[in-house]
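Asks: Compute the structure for the input listed below.
(one chain, ligands or ions: 2)
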Amino acid sequence: MKILHATAEYFPYIKMGGLSDMLSSLTKEQSKTDETFVSLPLISGFKETPLYTGNLFSCIKTEEVPHSNIVTEILRQSQFREAEWKGVKLYFFDSPLFRDQSSIYGNPDEHFRFAVYSYAAYFLSLELAVDVFHCHDWHTSLAVALQKNSPYGKPSVFTIHNLAYQGDHPQWMTGFLKDAPFFLYPEAYSHDGKTNYMKAGILSCDQLTTVSPGYRNETLSDANGFGLSYILRKREADYTGIINGIDPEEWSPSQDERIFRKYGTEDHEDGKLKNKISLYEEIGRPKIDPSRPLVGIIGRITYQKGYPTFLQAFNERKHLSHYYIFLGAGEEDLQNILFHLSHTEQDRFYFFKGYNEEFARKIEAASDFFLMPSLFEPCGLNQLYSHAYGTIPIVSRVGGLKDTVSESLLEDQYTGIVFEPNDPASLGYALERAETLYENEKKFFETRKRIMNLDWTWEKRVKSYKEVYNKAIEKRL
Ligand code: ADP
Ligand code: GLC
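Replies: Ligands and ions are numbered 1, 2, ... in the order given. You can find the predicted model right below:
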């Protein structure tokens with residue numbers, strides 16, 4: 001099967017969050033059995049230079065467009081540059097719209113840039129004659145709408161990674177969608193008096209997925225659908241939740257060159273302790289007693305991640321012996337509070353503001369527990385990375401977190417600690433349970449070993465995607 005993914009992020013080229021890791025690890029696995037292609041924007045400042053094959057692809061057939069305008073002109077000046085990455089063929093959208101941008105998001109013209117990119121990705125799917133076209137999040141959802149409109153349209157799958165970001169814009173900003181080369185009907189993307197790209201993807205695709213069954217079910221209810229639940233309910237029969245996998249070659253403590261000391265299931269006691277001691281030295285706090293439990297926290301500092309719940313529990317449970325290391329960047333107000341705590345509570349808390357892959361891995365390797373207090377979480381990758389690194393996750397009972405972490409009474413199924421979202425008392429009590437577990441060394445080490453052996457690879461999940469692809473193909477027959 002020939003599969004083309006269209007995305008805004010792809011590791012190691014563009015990473016803002018989990019979408020990037022999810023796409024590269026999924027496609028790497030898919031490429032073992034299927035011809036797998038990915039389109040992504042070419043922006044400036046990649047850490048890794050793509051391995052270009054020299055093949056170029058155009059983004060529009062100008063002779064088929066009745067008249068030219070700014071969109072068709074930009075598409076004419078753009079091209080896809082083919083490259084190879086670990087068995088996957090990448091198609092970099094090399095366009096004046098993105099070429100000089102150092103970051104993929106945050107531009108005031110996003111509604112325009114991603115619409116033009118979506119057209120190009122749609123056109124590429126025709127050029128490559130793919131069997132399935134798989135788009136991710138609102139940035140590429142118009143490509144799905146274009147497939148539906150076209151007599152040459154390919155079977156399409158649309159995946160929601162985060163319903164909180166919908167690409168909604170005032171209608172007057174998106175008048176160009178009615179014109180060449182889009183010719184989209186406003187009904188496809190109008191929502192609540194605005195243009196909503198996410199809605200277009202949800203309504204137009206042949207099959208719809210999201211990144212966990214738990215999140216799928218949550219989004220169908222008005223409380224968690226961010227205004228789109230009634231649209232999602234229309235697609236309920238075609239809507240599947242598939243939990244993300246991880247790439248063990250990227251995320252494994254026995255192979256990770258970026259941590260202080262590699263370890264596996266046989267030497268985790270010594271290995272993790274050495275990582276902890278080295279991390280305290282690196283952050284300039286070598287006097288912290290390494291026998292105290294270390295709780296790691298890493299993430300975008302946004303409403304979604306629920307960090308204020310943690311701050312309240314942190315203030316209320318001062319008697320606990322936990323040490324906390326927090327890596328993240330985002331909302332200024334919260335960052336300032338974290339800076340302040342890092343200064344005033346040096347014996348309990350350390351905060352590093354920024355985005356740092358290497359530091360994230362060191363925290364995973366050194367920590368005893370990993371805290372994710374999300375208010376909603378479509379899947380979440382850090383609890384899976386934590387399992388792989390023998391770091392026991394403490395998570396809120398939402399979305400993909402509740403699907404992947406179980407505080408089961410059956411010991412062989414116990415894989416972490418779970419609390420109620422947005423509830424500092426429940427989080428505080430979870431931290432108490434973490435301390436009790438930590439003090440019971442036998443149970444603690446057994447749990448650590450068990451979670452390190454969990455299988456979060458893509459193998460099974462790729463089969464679930466294949467089933468979804470086949471359903472999309474059947475719909476088009
Ligand atoms: P989301 O995509 O909502 O941000 P995920 O848990 O799916 O959440 O994925 C987040 C990914 O981004 C993880 O790989 C995490 O380690 C990484 N990440 C988030 N913030 C940082 C940061 N400040 N430094 C390094 N990595 C980060
Ligand atoms: C989104 C979600 C996160 C998920 C990731 C990859 O960013 O917030 O929960 O893990 O996409 O699917």
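Asks: pretty sure residue 453 is touching residue 268, no?
Replies: No. Counting by Cβ atoms under 8 Å, residue 453 does not reach residue 268; the two are 11.1 Å apart. All C-beta spots, glycine's among them, are computed from the backbone N, C-alpha and C.
Asks: Spell out which parts of the stretch 101-250 of the chain neighbour ligand 2.
Replies: Residues of the stretch 101-250 of the chain lying close to ligand 2 by Cβ under 6 Å from any ligand atom are 161, 162, 211, 244.
Asks: now the closest residue to ligand 2 within the chain, nearest residue through space, not along the chain?
Replies: Nearest to ligand 2, among the residues of the chain, is residue 18, at 3.0 Å (Cβ to the nearest ligand atom). Spatial nearest neighbour of residue 18, chain neighbours left out: residue 381 (4.5 Å); criterion: Cβ to Cβ, 6 or more residues apart in numbering.
Asks: Distance-wise, check the one you found relative to ligand 1.
Replies: Look at residue 381 and ligand 1: by Cβ to the nearest ligand atom, to the nearest Å, they are 4 Å apart.
Asks: What about that residue, how many residues nearby?
Replies: 23 (other Cβ atoms under 10 Å).
Asks: Tell me how the protein divides into domains.
Replies: Per automatic domain parsing, the domain ranges recorded for the chain read 2-245+458-476, 268-452.
Asks: pLDDT averaged over the shortest one - what is it?
Replies: pLDDT averaged over domain 268-452 equals 98, rounded to a whole number.
Asks: Can that domain be said to contact ligand 2?
Replies: Yes. Contact of domain 268-452 with ligand 2 (Cβ under 6 Å from any ligand atom) involves 377, 378, 379, 380, 381, 400.
Asks: Report the contact partners of the third one.
Replies: By Cβ atoms under 8 Å, 6 or more residues apart in numbering, the contact list for residue 379 reads 18, 22, 161, 211, 212, 215, 243, 244, 399, 400, 404.
Asks: Helix, strand, or coil at the second one?
Replies: Following DSSP: H, G, I helix; E, B strand; the rest coil, we place residue 22 in the helix state.
Asks: My understanding was that it contacts residue 381; is that so?
Replies: Yes. Residue 22 lies in contact with residue 381 (Cβ under 8 Å); the separation is 7.0 Å.
Asks: Quickly list what's touching both of the two.
Replies: With Cβ under 8 Å, 6+ apart, residue 22 and residue 381 have common neighbours residue 244.
Asks: Okay, and which of the residues of domain 268-452 next to ligand 2 map to helices?
Replies: Judged by DSSP state H, helices contain the following of the residues of domain 268-452 next to ligand 2: residue 400.
Asks: If we only consider the residues of domain 268-452 next to ligand 2, which is nearest to residue 422?
Replies: Closest approach to residue 422 among the residues of domain 268-452 next to ligand 2 (Cβ to Cβ): residue 377, at 12.4 Å.
Asks: So what's the residue count around that closest one?
Replies: 32.
Asks: Not including adjacent chain positions, what is the nearest residue to it?
Replies: The shortest distance from residue 377 to any non-neighbouring residue, by Cβ to Cβ, 6+ apart, is to residue 399 (4.2 Å).
Asks: elements contacting the helix or strand containing residue 216?
Replies: Residue 216 belongs to helix 213-219 when assigned by DSSP states H and E. Using 3 or more Cβ pairs under 8 Å, 6 or more residues apart in numbering; DSSP states H and E, the elements in contact with helix 213-219 are strand 239-241, helix 399-404.
Asks: Mind doing that once more with 10 Å?
Replies: strand 156-160, strand 207-210, helix 229-234, strand 239-241, helix 399-404 (3 or more Cβ pairs under 10 Å, 6 or more residues apart in numbering; DSSP states H and E).
Asks: Identify each buried residue in it, please.
Replies: 213, 214, 215, 216, 218, 219 (16 or more other Cβ atoms under 10 Å).
Asks: Show the backbone phi and psi for whichever residue of the chain sits closest to ligand 1.
Replies: Ranked by Cβ to the nearest ligand atom, the top residue of the chain for proximity to ligand 1 is residue 18, at 2.1 Å. The phi/psi pair for residue 18 (degrees, to the nearest 10) reads phi -70, psi -30.
Asks: what's the neighbour count on it?
Replies: 24.
Asks: Check whether residue 291 sits in a helix, strand or coil.
Replies: Here residue 291 is coil, with the state taken from three-state DSSP.
Asks: And residue 247, by the same measure?
Replies: On the basis of three-state DSSP, residue 247 is classed as coil.
Asks: Now for the closest residue to it other than its chain neighbours: which residues touch it?
Replies: Excluding its sequence neighbours, the residue lying closest to residue 247 (Cβ to Cβ, 6+ apart) is residue 25, at 3.7 Å. By Cβ atoms under 10 Å, 6 or more residues apart in numbering, the contact list for residue 25 reads 11, 86, 244-251, 381, 456-458, 461.
Asks: one more time with 8 Å, if that's ok
Replies: 11, 245, 246, 247, 250, 458.
Asks: just residue 21 next, same as before
Replies: Contacts of residue 21 by Cβ under 8 Å, 6+ apart are 11, 15, 246, 247, 250, 381.
Asks: Run through the helices of the stretch 51-200 of the chain in chain order.
Replies: Under the criterion DSSP state H, counting those that start in this stretch, the stretch 51-200 of the chain contains helices at 70-76, 110-127, 141-149, 186-189, 197-204.
Asks: Residue 394 is nearest to which of these?
Replies: Of all these, it is helix 197-204 that lies closest to residue 394, at 30.9 Å by Cβ to Cβ.
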